[in-house]
Structure formats: C-alpha cells, structure tokens
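Trainee: Just a sequence and a predicted model for now, questions to come.
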Amino acid sequence: MKSKWMALMISTIMVLFLSATVIAKDKVTVYTSLETDETVKYLEVARKDLPDLDIDIIRLSTGELGARMLAEKDNPQADCIWGWAVTNMEQFIPLGMLEPYKPKGVEKLEKRFVHPKNYYVGIDMYIAAFCVNKKVLQEKGLPMPKGWNDLLDPKFKGLLAMPNPAASGTGFLQVASILQMYGAKEGREDGWEFLKKLDKNMGQYIKSGSRPAKMTASGEFAIGASFDFVVGELKKQGFPVEFVFPIEGAGYEVEANALLKGAKNPKAAKKFLDWAVSANAMKAYSDFKLGVTLPGIPTRPDMPKLSEIKLYPMDFAWQAKNRDAILKKWESLFLK
C-alpha cells in the first residue's frame, strides 16, 4: 500500500513538473516606437511564431523612448529595442548602450540597412508625406500642394499641422530633410529661414507623427505633415485624404532593432530579435510599410510604389551628430 501511495505521489509530482515546464515561458521586455495599430498586428504574428516567449511591449514616441532609455542607462528596464529610428540608434552607440548582435538570417537583408558592427539591424522605412484633406481644400478654394514651398502660401495660414521634432521621429526627419536640402551640412542657414516662413502658416505642432494626419482627416486642418502608412490607412478607411510626397524630395527614416547592453533577459531578447528579421515578420511589416529590408517581399497594392517617390538622400550619421543642436534651436525658435 505504501509503495502504491509513493508511486502516486511521484506520478503527481511529475505531472505538475511537466505542466509547469509547458506553461513556463521566457519573458522579454521590448521597447518600441512603432505605431500602435501596426504593433498590435505584428504581435499577433510574433506570439504565434514564438509561443514559448512572454512578450511585454512598452510603446512610446521616438523622443519619449530615447529619454526613458537614457534615464535607465545604468539599469536597463528593457531587453531590446524594436522599430526605433536609426538616427537615434546612432546616438546610443557611443554612449555604450547597445550590445552588438547578429540575428539569425540577417545575411539575407540588404547590407546597407545593417550596422557594420551589428549594433542594429534595419527592418523597414517610413517616408514623410503630406496628408491632404481634399474636402477642406475644395471648401476653401485652395490648390493641391506639390511640395514644401507650396505650403508657404498665405492662403494656408493656420491650416497646417506638423509633428514636434523633439517628441516625434517623423517630425525630426521632416526638419532634418529640410535643413539638408537647404545646405545645413555646408553651414548654411537657409533651412532655418524656410522653417521660420513655414511657421507663419502653422496651426499646431503636435507631439506625434500620426496625429497631424488623423486631425487633418477629421477636418481640423487642410494639410498634416505626417508619414506614408498613416495616410494610407486613413484613405483606406474612407476619409477624403490624399498622399502628397514633396517634389523637393521626401525625407525618410529607417526603423531598426537592437539588443540593449545590460539586458536582464538576453537569451529571450535574441530569440525575439531573430524573429524580428524573419520572413514572417517582414511580411507583416509590409502590410504597413512602403519598403522592408528583406528583398522579395511585396508591398501593399493600395500604397504608392516606392520607385515612384523621389526620396531625399538622408545622411543619418549627420542627423545623429547634430540632433541635439537641431532640436535645441528648433525649440528656441518655435516653442515660445
């Protein structure tokens, strides 16, 4: 009888142990600046592909996320970064905040999007675009703008919205592209003079890259400086909006992933980062993005073709080096 009870106890313990083994998951904390809509969709794929990972996502705007990670520099509260601007990544490398990691399958990506020392891996790009409310233009008898210079027309006074570059990566790439177009790399101040003229027509600076487009779609503004996929989503939902990519050249940013130095769960983080460059992940990104870094992945048929858009040749290293100075000057001029 005693042996039977002992066998039963051992069997029970084994069942409990095996159940705990099945249930137990490695946890990874991920910081991201990807838009909420796309993050939700990507996570559905990630959790299906990574059933053994407990993925905790913390989403903040580009600027807010950078400030948080700097504050946590000596005691990181996340394990990795997912979909954060390369310009910001470049700033973190000399601060010793990123750990080099070469995800599985990274050799399949376009080399120009992978840091030469594997500090980060680019996954997609987002492109600056105007969200234009055709109904508002028609009601006010305004012309369809073709580029930044058209927005200086006094007829647009108070009808423009733009992201605050100190809080929004989209806002920063727009300001950085204008400065580069007007010779800031060569020491010229023409870009700042242009931004001063643009400010005279600005209705509001907003701490979000997507909200200028959403507020424009609802009729609060005629034109919202935003980025490609947000305009595409609003158009898909039936709002009377249209894409306009500036004829001077549209600024763009590459979103990238990285392992944080001092990560408390590096094994789980690496597993997530491997998935984040996989074909399944890239297919999910392509539902929102005009371009992903894995060749051969088709993009959305309802979005403009990348080949049809004139991109401005952004200098990410210059942007990273000068980011703090640019934001300080922008805030002194336009946040009074």
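Mentor: Everything's here; your move.

Trainee: For the rest of this, base every contact and every neighbour count on C-alpha atoms.
Mentor: Will do.

Trainee: all strands for the stretch 1-150 of the chain, in order.
Mentor: If DSSP state E, counting those that start in this stretch is used as the criterion, the strands of the stretch 1-150 of the chain fall at 26-32, 53-59, 80-85, 98-99, 121-133.

Trainee: among those, which is nearest residue 145?
Mentor: Among the strands of the stretch 1-150 of the chain, the nearest to residue 145 by Cα to Cα is strand 121-133 (8.3 Å).

Trainee: Tell me which stretches of the chain form helices.
Mentor: In the chain, the helices defined using DSSP state H lie at 2-23, 36-49, 62-71, 86-92, 134-140, 169-181, 190-199, 211-217, 228-236, 266-275, 279-285, 316-334.

Trainee: Which among these is found nearest to residue 248?
Mentor: helix 169-181 (8.1 Å).

Trainee: Pipe the strands of the stretch 1-150 of the chain into a markdown table and attach mean pLDDT and mean neighbour count per row.
Mentor: Shown next, in a markdown table, are those (pLDDT from 0 to 100; neighbours: other Cα atoms under 10 Å):
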| stretch | mean pLDDT | mean neighbour count |
| --- | --- | --- |
| strand 26-32 | 97 | 21 |
| strand 53-59 | 97 | 16 |
| strand 80-85 | 96 | 26 |
| strand 98-99 | 98 | 20 |
| strand 121-133 | 95 | 26 |
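
Trainee: Including distance to residue 170, could those strands go into CSV?
Mentor: Converted to CSV, the strands of the stretch 1-150 of the chain look like this (distance: least, Cα to Cα, whole Å):
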stretch, distance to residue 170
strand 26-32, 14
strand 53-59, 16
strand 80-85, 9
strand 98-99, 23
strand 121-133, 7
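
Trainee: quick one on the thing from earlier: and the helices of the chain as JSON lines, adding mean pLDDT?
Mentor: Output for the helices of the chain, formatted as JSON lines (pLDDT from 0 to 100):
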{"stretch": "helix 2-23", "mean pLDDT": "47"}
{"stretch": "helix 36-49", "mean pLDDT": "96"}
{"stretch": "helix 62-71", "mean pLDDT": "93"}
{"stretch": "helix 86-92", "mean pLDDT": "92"}
{"stretch": "helix 134-140", "mean pLDDT": "97"}
{"stretch": "helix 169-181", "mean pLDDT": "95"}
{"stretch": "helix 190-199", "mean pLDDT": "98"}
{"stretch": "helix 211-217", "mean pLDDT": "98"}
{"stretch": "helix 228-236", "mean pLDDT": "93"}
{"stretch": "helix 266-275", "mean pLDDT": "98"}
{"stretch": "helix 279-285", "mean pLDDT": "97"}
{"stretch": "helix 316-334", "mean pLDDT": "94"}
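
Trainee: Out of those helices, which is closest to residue 149?
Mentor: Smallest distance to residue 149 across these (Cα to Cα): 8.6 Å, for helix 190-199.

Trainee: Tell me which residues of the closest one come out buried.
Mentor: For helix 190-199, the buried set under the neighbour-count rule, 16 or more other Cα atoms under 10 Å, comprises 190-192, 194-199.

Trainee: out of the strands of the stretch 1-150 of the chain, nearest to residue 325?
Mentor: Smallest distance to residue 325 across those (Cα to Cα): 17.7 Å, for strand 80-85.

Trainee: Pull the residues that contact that closest one.
Mentor: 29-34, 62, 123, 169, 253-260, 263, 269, 273, 276 (Cα atoms under 8 Å, 6 or more residues apart in numbering).

Trainee: before we move on, back to that, could you point out which of the helices of the chain sits nearest residue 103?
Mentor: Per Cα to Cα, nearest to residue 103 of the helices of the chain: helix 266-275, 4.8 Å.

Trainee: how deep is residue 44 tucked in, by neighbour count?
Mentor: Residue 44 sits with 11 neighbouring residues when counted by other Cα atoms under 10 Å.

Trainee: and it, how far is that from residue 267?
Mentor: 21 Å (Cα to Cα, to the nearest Å).

Trainee: how does the chain divide into domains?
Mentor: Annotated domains of the chain cover 24-125+254-303, 126-252+309-334 [automatic domain parsing].

Trainee: Nearest residue to the middle of the chain?
Mentor: With distances taken as Cα atoms, centre = their mean, the residue of the chain nearest its centroid is residue 34 (4.5 Å).
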